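Show me the folded form of this:
(one chain, ligands or ions: 2)
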Amino acid sequence: MRLVKQRITKLIKSSKLGSGVLNRPFTVGVEGNIGSGKTTFLEHFKNHEDVHISAEPVDRWRNLNGHNLLGLLYQDPQKWSFTFQSYVQLTMLQNHLNKIEKPVNLMERSIFSARYCFVEKLSRDGILSPPSVAVIDSWFHWITTKMNVDVDLIVYLRTSPEVVYQRILKRNRPEEISISLDYIKSLHELHEDWLYHKRLHKCPAPVLIVDADLDKTKIKKEYQRWEPNILNKKFGAHI
Ligand SMILES: Nc1ncnc2c1ncn2[C@@H]1O[C@H](COP(=O)(O)OP(=O)(O)OP(=O)(O)O)[C@@H](O)[C@H]1O
Ligand SMILES: Nc1nc(=O)c2ncn([C@H]3C[C@H](O)[C@@H](CO)O3)c2[nH]1
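Ligands and ions are numbered 1, 2, ... in the order given. Below is the predicted model of the structure:
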């Protein structure tokens, strides 16, 4: 309760731009590796009257004025990763700032995982050059200090790389045919450092850990276990 009080006080004191401080719903960031089940998790909540789903804007990344930026990224990351990350940062910012009427906003990923997991990976691999990372970071810093992109809770769909890799193969998204198990393992370690060990970048909110390796037949109970924390409309009740 003390933590919630602190966050409400921070919201009231915060003079951030963006959607204002008191008309922001209880915002939950659903994070996890590729194929960890984020979309499936959101499906579980999508018919709840108090919940708005902010899906990851993958369709926009696959068609920006006819350009499939996601496809270009995976075909030639050296050439297209800056272009792609620039557009990811814009579209995720738009998701954060969307005017939501409902008390709970469930976001699929966030501006934070784009920076702390994906950009981090591209930077460490030397695919994004230091000047490119510096530009992305400059935008990220301005956005996260001047705009109201706060998240109140993170749900981390924690998985094993081998499990999600099989799911990705089975789902067979055309752009993802070049994804390797090594890439999935690296993204897993970055999620773990950020959300489990909390030794990478600062964590923007408390983290709930969901065992997302559980198969579809068993995972519903795991989702239901966390409903009270996620449907925390008391927090968002003031909008
Ligand atoms: N618990 C589960 N058990 C088995 N298969 C699952 C489970 N959750 C999701 N899947 C399957 O794995 C694939 C990826 O699931 P989903 O699209 O929900 O993941 P995601 O995290 O949204 O992926 P991405 O990061 O690529 O958007 C889908 O084919 C889905 O049906
Ligand atoms: N490079 C990169 N940066 C991001 O910020 C990012 N966010 C998501 N993705 C990829 C993962 C899935 O293939 C697909 C759907 O999540 O998009 C990203 N890829």
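
Okay, now the unreliable bits of this protein?
1-23, 233-239 (pLDDT under 70).

All the strands of the protein, residue numbers only.
26-32, 51-54, 104-108, 153-158, 207-211 (DSSP state E).

need the residues of this structure near ligand 1, please.
Taking Cβ under 6 Å from any ligand atom as the contact definition, the chain meets ligand 1 at 32, 34-40, 56, 167, 170-171, 214-216, 219. C-betas here are computed from N, CA, C, even on glycine.

Weed out the non-buried ones from those residues.
Buried members of those, scored by 16 or more other Cβ atoms under 10 Å, are 32, 34-40, 56, 214, 219.

Helices - which of these land there?
Mapping these onto helices (DSSP state H) picks out 38-40, 219.

quick one: contacts for the residue nearest in space to the middle of the chain?
For the chain, the residue nearest the mean C-alpha position is Arg109 (1.4 Å; Cα atoms, centre = their mean). Arg109 sits next to 29-31, 38, 56, 92 when contact means Cβ atoms under 8 Å, 6 or more residues apart in numbering.

again with Val135
Contacts for Val135 were tallied using Cβ under 8 Å, 6+ apart; they are Phe82.

near ligand 2, anything from stretch 35-52?
No. Under the criterion of Cβ under 6 Å from any ligand atom, stretch 35-52 makes no contact with ligand 2; the nearest approach is 7.8 Å.

Ignore what I typed, I meant stretch 172-189.
Yes. Shown here: stretch 172-189 in contact with ligand 2 (Cβ under 6 Å from any ligand atom) through Glu176.

So for that stretch, first residue to last residue, what's the gap.
End-to-end distance for stretch 172-189: 23 Å, by Cα to Cα, to the nearest Å.

so where's the longest helix in the protein?
The chain, longest helix under DSSP H: helix 77-97.

OK, contacts around whichever residue of the chain sits closest to ligand 2?
Ligand 2 sits closest to Phe118 of the chain, with a gap of 3.1 Å, by Cβ to the nearest ligand atom. Contact partners of Phe118, counting by Cβ under 8 Å, 6+ apart, are 85, 88, 187.

Do you have the helices of the chain handy? List them.
Going by DSSP H, the chain shows helices at 2-13, 38-45, 58-62, 69-75, 77-97, 111-113, 120-124, 130-146, 161-171, 181-191, 216-225, 227-230, 233-236.

Highest mean neighbour count out of these?
For the helices of the chain, the largest average neighbour count (mean count of other Cβ atoms under 10 Å) is found in helix 111-113, namely a mean of 26.

and the protein, which residues reach ligand 2?
Residues of the chain lying near ligand 2 by Cβ under 6 Å from any ligand atom: 34, 56, 58, 70, 73, 84-85, 88, 114, 118, 176.

How much space separates the residue lying closest to Lys102 once chain neighbours are set aside from Ile143?
Excluding its sequence neighbours, the residue lying closest to Lys102 (Cβ to Cβ, 6 or more residues apart in numbering) is His52, at 4.3 Å. Going from His52 to Ile143 by Cβ to Cβ, to the nearest Å gives 21 Å.

repeat for Gln224
When Gln224 is compared with Ile143 (using Cβ to Cβ), they lie 34 Å apart.

next one: Asn65
As judged by Cβ to Cβ, Asn65 and Ile143 stand 23 Å apart.

Nearest spatial neighbour of Gly71, chain-adjacent residues omitted?
Gly71 sits nearest to Glu175 (Cβ to Cβ, 6+ apart), 4.5 Å away.
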